[in-house]
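Mind looking at a prediction? Sequence and model below.
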Amino acid sequence: MLLEQERILVAEYGRRLVRSGLTTGTGGNLSVRDPATGYIAVSPSGMDYGDIGPADVTVLDESGAVVDGGRRPTTEWAMHLAFYAARPDRHAAVHTHSPAATALACLRRELPAMSYLIALSGRDAVPCAPYRDFGTPALAEAAVKAADGCDGVLLANHGLICLGADMAAAFQLAEQLEFCADVYMRCLAAGQEPVLLTAQEMDRARAQFGVYGQRGAALT
Ligand SMILES: [Zn+2]
């Protein structure tokens, strides 16, 4: 099977997406790029994650043409491809409809440096891309532009997308940013803005995680 390992990862992490509460139903999607061929294994459109096996994962080339697999790729395949084109050092993407990140995206606010965990994104704040219709090249373009090199970006009135050097890193970032968004929303619900970490504190957190282009250290 072409890209068997990558397809297994997409199927496995799809189930983790649901188990972790990062999405519900068939929402969200995920992909892994094979650096050797440039081909991308993406989750299929409209299938329950529990039903997706490796053979249901679609393989696309860099132009979005189907190379292997009988399923229609996720409606957001163009967004995944746009991020890979912009970030040659990133080989996995996880798009979630997780509640706290989506709530913050509905407020069209960035996720600021309210925790050192934000440093896992590579930046001091996770930006929010403007609203564009789902499944369109316009959304792909707006998300990549807003991310501007950050490994996470909120999508206005929609959700979150995270990149990683590999699937474990992309998934970990999605989990941690959802946690941060939840804490941030609780601060806002308390009627206050949290005290933010300084640029120097965030620099130190990035150094501790070793996130310049690499996966982070173990979380504590
Ligand atoms: Zn979505």
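Received it, and whenever you're ready, just let me know what you need.

Tell me who's in contact with V10.
Contacts for V10 (C-beta atoms under 8 Å, 6 or more residues apart in numbering) come out as 30-32, 41-43, 52, 54, 57, 167. In this view, the C-beta of every residue, glycine as well, is placed from N, C-alpha and C.

Next step: the residues you listed restricted to helices.
Those of those mapping onto helices are M167, per DSSP state H.

Show me where this structure has its helices.
4-19, 77-86, 99-106, 137-147, 167-189, 199-209.

want to try CSV for those, with mean pLDDT and distance to I118 as columns?
Shown next, in CSV, are the helices of the chain (pLDDT from 0 to 100; distance: least, C-beta to C-beta, whole Å):
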stretch, mean pLDDT, distance to I118
helix 4-19, 97, 21
helix 77-86, 98, 19
helix 99-106, 98, 12
helix 137-147, 98, 14
helix 167-189, 98, 6
helix 199-209, 95, 7
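
Is it possible to get TSV of these that adds distance to R71?
Formatted as TSV, the helices of the chain follow (distance: least, C-beta to C-beta, whole Å):
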stretch	distance to R71
helix 4-19	11
helix 77-86	11
helix 99-106	26
helix 137-147	20
helix 167-189	19
helix 199-209	36
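
Quick check: beta-bridge partners of the residue nearest the centre of the chain?
Centroid-nearest residue in the chain: C162, 2.1 Å away (criterion: C-alpha atoms, centre = their mean). Beta-bridge partners for C162, by DSSP bridges, are V94, G152.

measure it to D68 for me?
25 Å (C-beta to C-beta, to the nearest Å).

same check, this time on M114
43 Å.

Give me the pLDDT value at R215.
We have a pLDDT of 43 for R215.

Hmm, I typed the wrong one, I wanted A218.
Value for A218, per-residue pLDDT: 55.

circling back: for the contacts of V10, which one is nearest V126?
Comparing the contacts of V10 against V126 with C-beta to C-beta places L30 closest, at 18.2 Å.

neighbours of that closest one, just the number please.
32 (other C-beta atoms under 10 Å).

before we move on, the earlier item: who touches the residue nearest to the centre of the chain in this structure?
93-96, 121, 151-152, 170-171, 173-174, 177.

do R33 as well
R33 touches 6, 39-41, 84, 90-92, counting by C-beta under 8 Å, 6+ apart.

please redo it, this time with the cut-off set to 6 Å
R33 is in contact with 40, 84, 91, counting by C-beta atoms under 6 Å, 6 or more residues apart in numbering.

Could you export those residues to a markdown table, including columns for distance to A143 and neighbour count?
Shown next, in a markdown table, are those (distance: C-beta to C-beta, whole Å; neighbours: other C-beta atoms under 10 Å):
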| residue | distance to A143 | neighbour count |
| --- | --- | --- |
| I40 | 16 | 27 |
| Y84 | 12 | 20 |
| H91 | 18 | 21 |
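
List just the nearest of these to A156.
Y84 (22.1 Å).

what's the spacing between the residue of the chain most remote from its centre and V183?
Farthest-out residue of the chain from its mean C-alpha position, per C-alpha atoms, centre = their mean: G191, at 28.7 Å. Taking C-beta to C-beta as the measure, G191 and V183 are separated by 15 Å.
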